[in-house]
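Participant: take this sequence and fold it.
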Amino acid sequence: MILVAVVLTLLGAGTLLWRDADLLGLPPVVAGLGLLALGVGAGVLWSVRRRRRWERDGEPRPVGNVLQRARALPRLIRERKAYGLPGTTLATWAFALVYLVSPIDVLPELLPLIGVTDDAGVAVWLLTSVSTVAGQYLNWERSGRRREPRP
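Facilitator: This next block holds a predicted model:
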């Protein structure tokens with residue numbers, strides 16, 4: 001859902017900035033603003049649904065700001081077994097990093113706008129995933145449950 005929000009927002013901004021001709025019979029300003037509104041709406045919907053899921057499932061909420069989460073990341077990796085972080089999560093993060101720095105792309109950058117959206121989507125997913133897990137780790141660490149594994 002967040003990927004859809006980011007793509008729609010990027011497409012809306014790109015339409016507003018670079019499009020001169022009509023798009024499906026709509027002026028570029030109207031089409032761009034519509035795509036921006038859809039992107040922001042999808043982002044808000046994703047945020048609300050995620051918050052409700054945290055409350056419903058009793059999933060621990062992330063805590064800490066960006067700097068605290070970044071400083072907690074090395075501790076999280078060191079204590080991953082005590083925390084209960086699956087190895088597949090680390091492998092997925094590593095694969096995403098390799099994809100971002102590798103010159104091989106699913107959608108080449110030669111395609112206007114679309115070529116960078118796959119990289120942007122992977123980057124947004126990676127940053128939100130790492131940030132969320134680091135925030136949940138901080139919550140786990142602060143609650144004093146350092147000895148027992150996370151469920």
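Participant: switch to C-alpha atoms for all contacts and neighbour counts from now on
Facilitator: Fine.
Participant: who touches the helix or strand of the chain with the lowest mean pLDDT?
Facilitator: Lowest on mean pLDDT, DSSP states H and E among the helices and strands of the chain sits helix 2-18, with a mean of 78. In this structure, residues lying in contact with helix 2-18 by Cα atoms under 8 Å, 6 or more residues apart in numbering are 28-29, 31-43, 46, 113, 117, 121, 124-125.
Participant: in that helix, what counts as buried?
Facilitator: If you call a residue buried by 16 or more other Cα atoms under 10 Å, then helix 2-18 has these buried ones: 2-16.
Participant: next SSE after it?
Facilitator: helix 28-57 (DSSP states H and E).
Participant: pull out the buried residues from that following helix.
Facilitator: 28-29, 31-33, 35-40, 42-43, 46.
Participant: so, low pLDDT: which residues of this protein?
Facilitator: 1, 54, 58-61, 106-113, 115, 145-151 (pLDDT under 70).
Participant: cutoff 50 now
Facilitator: Low-confidence segments of the chain (pLDDT under 50): 147, 149-151.
Participant: which element is the residue positioned nearest the centre of it on?
Facilitator: Residue closest to the mean C-alpha point of the chain, counted by Cα atoms, centre = their mean, is Trp125 at 3.1 Å. Here Trp125 sits within helix 114-142, counting by DSSP H and E.
Participant: packing partners for that helix?
Facilitator: Applying 3 or more Cα pairs under 8 Å, 6 or more residues apart in numbering; DSSP states H and E, one finds that helix 114-142 contacts helix 2-18, helix 66-78, helix 87-101.
Participant: reformat those helices into a markdown table and put distance to Arg53 next to each item.
Facilitator: Converted to a markdown table, those look like this (distance: least, Cα to Cα, whole Å):
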| stretch | distance to Arg53 |
| --- | --- |
| helix 2-18 | 15 |
| helix 66-78 | 22 |
| helix 87-101 | 20 |
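Participant: out of those, nearest to Arg50?
Facilitator: helix 2-18 (10.5 Å; Cα to Cα).
Participant: tell me the spacing between the residue lying farthest from the centre of the chain and Ala31.
Facilitator: Distance from the centre of the chain peaks at Gly25, with 32.9 Å (Cα atoms, centre = their mean). Relative to Ala31, Gly25 is positioned 9 Å away (Cα to Cα, to the nearest Å).
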